[in-house]
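Visitor: Mind looking at a prediction? Sequence and model below.
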Amino acid sequence: MEFHVVTLFPELFESPLKSGLLGRAIKDGLISVAFHPLRSYGLGRYRQVDDAPYGGGHGMVMRPEPIAAAFDAALAQRPGLWRVMLTPQGEVLNQRKVERLAQRRPGLLLLAGRYEGIDERVRSLVDQELSIGDYVLAGGELAALVVIEAVARLVPGVVGNPQSLQEESLSGAMLEYPQYTRPREFRGQRVPDVLLSGNHEKIRAWRRDQALKRTRQRRPDLLRENKP
């Protein structure tokens, strides 16, 4: 699975992509991440990538020409990439959308914006607009990292135990059941007896009940969205 990122600040990705699960996945050749630094496609002597908004207003707006040039270069390098713009105006990312993104081959082309916004005409260059939540960040780099990690985890071989993917929160219509490990008692709180019983059928039933209870308490919207 390939990820291509158009960004003004590729250095923001360095540490996350060298560590943990993503670092191992890249090292093992299961995923790759390529950067297309937007400043390289800037205009004029000073590599300009932004300008004042028509009609006035605060801040600067990213120009369409450098973004289009970066897209063209990325697609020439790897045709068929699914083009995604990270923006607060996009559809909110959830696990079902992550699963669909993981099926996009050869991979994703992610646009991480900056400044006050992006010229409206750039929307015609993308296949999908995504948001990671109803809040505003300084730029799209962190959102791009969220997409990369969420999608990469679904690439075969990236997560050591594939079964764990099926049991995680939001992988179905419910949050995950409570998890416990040693010690059996911690500050007056004991591990539920059923988990120590060795009865796997009772454990599965307890986990299903707990997942449903937790989802009803914390995210009832998930149950409504997935109601037949």
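Guide: Arrived safely, thanks for sending. Numbers count the residues shown, from 1 in each chain.

Visitor: list the contacts for the most centrally placed residue in the chain?
Guide: Centroid-nearest residue in the chain, with CA atoms, centre = their mean: Val147, separated by 1.7 Å. Taking CB atoms under 8 Å, 6 or more residues apart in numbering as the criterion, Val147 is in contact with Val84, Leu86, Leu93, Val98, Leu101, Leu108, Leu110, Leu130, Ile132. C-beta: built from backbone N, CA, C; applies to glycine.

Visitor: so which helix or strand takes in it?
Guide: Using DSSP states H and E, the element containing Val147 is helix 141-152.

Visitor: Return the distance of that helix from the chain's centre.
Guide: 3 Å (CA atoms, centre = their mean, to the nearest Å).

Visitor: what comes up buried for that helix?
Guide: Neighbour-count burial for helix 141-152 flags Glu141, Ala143, Ala144, Leu145, Val146, Val147, Ile148, Glu149, Ala150, Val151, Ala152 (criterion: 16 or more other CB atoms under 10 Å).

Visitor: cool, stretch 121-129 as well?
Guide: Residues of stretch 121-129 classed as buried: Val122, Leu125, Val126, Glu129 (neighbour count, 16+ other CB under 10 Å).

Visitor: got a list of contacts for it?
Guide: Residues from elsewhere that reach stretch 121-129 (CB under 8 Å, 6+ apart): 62, 64, 67-68, 71, 82-87, 89-91, 111.

Visitor: go again using 6 Å as the cut-off
Guide: The contact list for stretch 121-129, computed with CB atoms under 6 Å, 6 or more residues apart in numbering, reads Pro64, Ile67, Phe71, Trp82, Arg83, Val84, Met85, Thr87, Gly90.

Visitor: So what sits opposite the closest residue to the last one other than its chain neighbours in the bridge?
Guide: Leaving aside its sequence neighbours, Gly90 sits nearest to Glu129 (CB to CB, 6 or more residues apart in numbering; 3.3 Å). Residues found in beta-bridge contact with Glu129 (criterion: DSSP bridges) are Met85.

Visitor: Quick check: the gap between Glu129 and Leu110.
Guide: 11 Å (CB to CB, to the nearest Å).

Visitor: on that earlier part again, which of the buried residues of stretch 121-129 sit farthest apart?
Guide: Taking every pair in those and measuring CB to CB, the maximum separation is 11.1 Å, between Leu125 and Glu129.

Visitor: For the chain, name the helix or strand with the lowest mean pLDDT.
Guide: When each helix and strand of the chain is scored by mean pLDDT, DSSP states H and E, helix 162-167 comes last, with a mean of 62.

Visitor: Now the very next helix or strand once past that one: average pLDDT?
Guide: Remark: after helix 162-167, the chain's next helix or strand is strand 185-186, criterion DSSP H and E. Strand 185-186 comes out with an average pLDDT of 96.

Visitor: just stretch 137-155 next, same as before
Guide: Here stretch 137-155 scores 97 as its mean pLDDT.

Visitor: next one: the helix or strand Arg204 falls within to chain centre, how far?
Guide: Element membership for Arg204, per DSSP H and E: helix 200-218. The chain centre lies 27 Å from the centre of helix 200-218; the measure is CA atoms, centre = their mean.

Visitor: And for that helix, what's in contact with it?
Guide: Here helix 200-218 makes contact (CB under 6 Å, 6+ apart) with Met174, Leu175, Tyr177, Pro178, Val194, Leu222, Leu223.
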